[in-house]
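quick one: sequence and predicted model below, then my questions.
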Amino acid sequence: MQQTVKRHTASENLRIFKHFLPYFKPRLPVLALDLLCASLTTVCDLVLPLIVRYITNMGATNLSALTISMVVRLGLLYVLLRIVDTAANYFMQSVGHVMGTHIETDMRRDLFAHLQVLPHAYYSNTKIGQLMSRITSDLFDITEFAHHFPEELFITSIKVVIAFVILCGMNVPLTVIIFAMLPLMVLCSNHFAKPMQRTFKESRHQLGEINARVEDSLSGIRVVKSFANEEVEKEKFAEGNLTFLAVKKRMYHNMAGFHSVTRMFDGIMYIIVVCVGAVFMIRGRITAADLVAYLLYVTTLLASVRRLVEFTENFQRGITGIERFVEVMEVEPSIADLPGAVELNDVRGELQFDDVSFHYEDGGGDVLSHISLHVNPGESVALVGPSGGGKTTLCNLIPRFYEAQGGTIRIDGEDIKKYTLHSLRKQIGMVQQDVYLFSGTVLSNIEYGRPGASREEIIQAAKLAGAHEFIMELENDYDTYVGEHGVKLSGGQKQRISIARVFLKNPPILILDEATSALDNESEHLVQQSLEGLMEGRTTFTIAHRLTTIRGANTILVLTDEGIVEQGSHAELMAKQGVYYNLYRMYQEKE
């Protein structure tokens, strides 16, 4: 898929830079030293033509005055300047680049931190591979851009201004001709620069698509192999890879045109100086010494302009990285702490839904409509019903993963929006069907429930979850590496580790989202025992697929697209012989 890249106005570019410039602020002293060193290297480049001009003039007009000692002194002066130039250049190449790396690092830190606060809805509509591309490769060119952009601009500005003054002192008409060519050179180069920026952004987008394809395919590699669909995946990848190739081709054609134009103007400007300068010398309007010095200055000037023009390539890469950085940073979290939000502590576990309605942002109808519900502290509530009825959505509203559009959700009588997101979510534990274990050890995955917990506390949590025995049978017990997403463990083992994680967190409110539906009977029995221990004394919401696991719930809610159609205990609902009764009988027949 090819991305459409819009052209940016000057105001939009300024907006992008406003996000970038604050990263220079902590490093202004280093930047100032870098620019000072840049000015010192510039002095060295500008002094050599003056020395050549002086020696040539003396040789042509007053050879007897040109002594060996004078030549030696001028040579030593230039060697001294070169020593200064070497030290200054070393600073620019080392410390200057490190400054750029610090800026890149800070931007990556802020981007990752911003991604942590974006809501579930953002990740539902964004490919992880694209985000990985923005947080890694998109920022690689920031180092070069942050260092070289102010440096090249500063050096070229000094050289152009000083060279213009000196060259005007030698020959005004020739100088006017040369400097009149510079805007034309920039204008012609710009013809390729704008498409080059667009193709840079397209290539970055397509690289993100490739990352997303690789991440998707490798994460599901077991499914791929089980269906023998390796060739299908190869074809999908080849399609994206060829699209990336096409974008890169366009990008390199634009780069080639860009560099060829600057190279052509170099040659034109040199031959103008040689030919026009020769004519002026014939007519006595410029001396031979001045013409030699003039050529040297033009060489220095063109080298600087060429560096600046060629830096446009790095500039375009850098600005593209910054632009894609800004695109994410400007996404405002739709769910955030309200002004004056307070910490939620000492939770009893009373939960209340007052006329709650919710719909997703994709324009569909209400998933939940005017839901009202009261749950006392320590009670167990089970949610059953057909898929799409809003069971998971209702539970996701409690920790504010999504925000209800209507009504109020209260904890212990207070609106959950009154509290900070962090403190609210600290009071809620979740055990889901799809267990996610991080790459690391068993110990680190359980510790994730309460970072900083002692080994003894972690082991105690594992024992409460019924996980200690199988963990001790692993190769390195609690220090066993679980693999990517816990691939080295069975489904039941992973689920019990996730339960241990919640035991360690010790929240007063618990949400169980079909926690045993993907397990075999033996694993389900073991996990169900762990869950019963976890539920004790906690307000619990259970989304049930296997109805036999929720018969002991205080309240069972039958949730359909019409809302809560039935509510009561297992015995009460069976006696009604309504929707729940039919669901339960259907489940028993399947079993």
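Yep, that arrived.

just give the number of residues close to residue 339.
For residue 339, the count of nearby residues is 5 (other C-beta atoms under 10 Å). (Each C-beta comes from the backbone N, C-alpha and C, glycine too.)

pLDDT weak spots in the stretch 351-500 of the chain?
Scanning the stretch 351-500 of the chain for pLDDT under 70 picks out 362-364.

all strands of the stretch 101-250 of the chain, in order?
With strands called from DSSP state E, counting those that start in this stretch, the stretch 101-250 of the chain shows none.

for residue 248, which residues are in contact?
199, 203 (C-beta atoms under 8 Å, 6 or more residues apart in numbering).

tell me the confidence at it?
Listed pLDDT for residue 248 reads 86.

kindly report the same for residue 145.
Looking at residue 145, its pLDDT is 80.

isn't it up against residue 317?
Yes. Using C-beta atoms under 8 Å, residue 145 is in contact with residue 317, at 7.1 Å.

ok, and what's touching the strand or helix carrying residue 425?
Taking DSSP states H and E as the definition, residue 425 sits inside helix 421-426. Residues outside helix 421-426 that contact it (C-beta under 8 Å, 6+ apart) are 335-337, 342-345, 399-400, 411, 416, 505, 507.

quick one: buried residues of it?
Residues of helix 421-426 classed as buried by neighbour count (16 or more other C-beta atoms under 10 Å): 421, 424, 425, 426.

same thing with stretch 542-555?
Buried residues in stretch 542-555, counting neighbours by 16+ other C-beta under 10 Å, are found at 542, 543, 544, 545, 547, 549, 550, 553, 554, 555.

and residue 161, what is it in contact with?
Per C-beta under 8 Å, 6+ apart, neighbours of residue 161: none.

phi and psi next, for residue 415.
Residue 415 has phi and psi values of phi -60, psi 130 when expressed as degrees, to the nearest 10.

what number of residues lie near the closest residue to it other than its chain neighbours?
Nearest residue to residue 415, sequence neighbours excluded (C-beta to C-beta, 6 or more residues apart in numbering): residue 408, at 5.4 Å. Counted with other C-beta under 10 Å, the neighbours of residue 408 add up to 14.

save the buried residues of stretch 542-555 as CSV, and put in pLDDT, secondary structure and distance to residue 581 too.
Output for those, formatted as CSV (pLDDT from 0 to 100; DSSP: H, G, I helix; E, B strand; the rest coil; distance: C-beta to C-beta, whole Å):
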residue, pLDDT, secondary structure, distance to residue 581
542, 88, strand, 19
543, 87, strand, 19
544, 79, coil, 15
545, 74, coil, 18
547, 77, helix, 11
549, 75, helix, 17
550, 81, helix, 14
553, 85, coil, 16
554, 88, coil, 19
555, 89, strand, 16
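
which one of the residues you listed sits closest to residue 152?
residue 543 (59.2 Å; C-beta to C-beta).

does that closest one touch residue 514 like I think?
Yes. Using C-beta under 8 Å, residue 543 is in contact with residue 514, at 5.3 Å.

okay, buried residues for stretch 174-185 please.
So, applying 16+ other C-beta under 10 Å, buried residues of stretch 174-185: 174, 175, 178, 179, 181, 182, 185.

going along the chain, name the helices of the stretch 201-350 of the chain.
Ranges of helices in the stretch 201-350 of the chain, per DSSP state H, counting those that start in this stretch, are 221-226, 230-282, 288-329.

the last one versus helix 230-282: what angle between them?
Here helix 288-329 points in a direction 150 degrees away from that of helix 230-282 (axes from the mean of the first three to the mean of the last three C-alpha atoms, to 10 degrees).

list the contacts of residue 470.
With C-beta under 8 Å, 6+ apart, residue 470 has these contacts: 493, 496.

what helix or strand is it located in?
Per DSSP H and E: residue 470 is located in helix 468-472.

tell me the helix or strand right after that helix.
helix 491-505.

packing partners of that next one?
Applying 3 or more C-beta pairs under 8 Å, 6 or more residues apart in numbering; DSSP states H and E, one finds that helix 491-505 contacts strand 428-432, helix 442-447, helix 455-464, helix 468-472, helix 521-535.

partners of the next helix or strand after that helix, with directions?
Beyond helix 491-505 on the C-terminal side, the first helix or strand identified by DSSP H and E is strand 509-513. Partners of strand 509-513 in the sheet, by DSSP bridges, are strand 428-432 (parallel), strand 539-543 (parallel).

quick one, the following helix or strand past the last one and strand 539-543 angle?
Scanning the chain past strand 539-543 towards its C-terminal end, the next helix or strand to appear is strand 555-560 (assignment: DSSP H and E). What separates the directions of strand 555-560 and strand 539-543 is an angle of 40 degrees, with the same axes, to 10 degrees.

direction included, what does strand 555-560 pair up with?
Using DSSP bridges, the strands paired with strand 555-560 are strand 380-384 (parallel), strand 563-568 (antiparallel).

before we move on, the earlier item: residues of the helix holding residue 470 that come out buried?
Under the neighbour-count criterion of 16+ other C-beta under 10 Å, helix 468-472 has 468, 470, 471 buried.

relative to residue 562, which of those residues is nearest.
residue 470 (43.5 Å).

show me what contacts the residue lying closest to residue 216 once chain neighbours are set aside?
The shortest distance from residue 216 to any non-neighbouring residue, by C-beta to C-beta, 6+ apart, is to residue 129 (7.2 Å). Listed by C-beta under 8 Å, 6+ apart, the contact set of residue 129 reads 208, 209, 210, 211, 212, 213, 214, 215, 216.

okay, those in CSV with pLDDT next?
Output for those, formatted as CSV (pLDDT from 0 to 100):
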residue, pLDDT
208, 78
209, 82
210, 83
211, 79
212, 78
213, 79
214, 80
215, 74
216, 74
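
out of these, who's nearest residue 269?
After measuring these against residue 269 - C-beta to C-beta - the closest member comes out as residue 208, at 41.1 Å.

report the buried residues of stretch 568-582.
Buried, per 16+ other C-beta under 10 Å, within stretch 568-582: 568, 570, 573, 574, 579, 580.

what's the closest non-adjacent residue to the fourth one?
Spelled out, that is residue 574. Nearest residue to residue 574, sequence neighbours excluded (C-beta to C-beta, 6+ apart): residue 581, at 5.5 Å.

and the pLDDT at the one you found?
pLDDT, read off for residue 581, is 84.

same thing with the one 5 residues further on?
The confidence metric pLDDT takes the value 77 at residue 586.

residue 496 reaches residue 527, doesn't it?
Yes. Judged on C-beta under 8 Å, residue 496 makes contact with residue 527 at a distance of 6.1 Å.

farthest-apart pair in the buried residues of stretch 568-582, please.
Using C-beta to C-beta, the pair of the buried residues of stretch 568-582 lying farthest apart is 570 and 579, separated by 13.5 Å.

please report how far residue 75 lies from residue 44.
Taking C-beta to C-beta, to the nearest Å as the measure, residue 75 falls 14 Å from residue 44.
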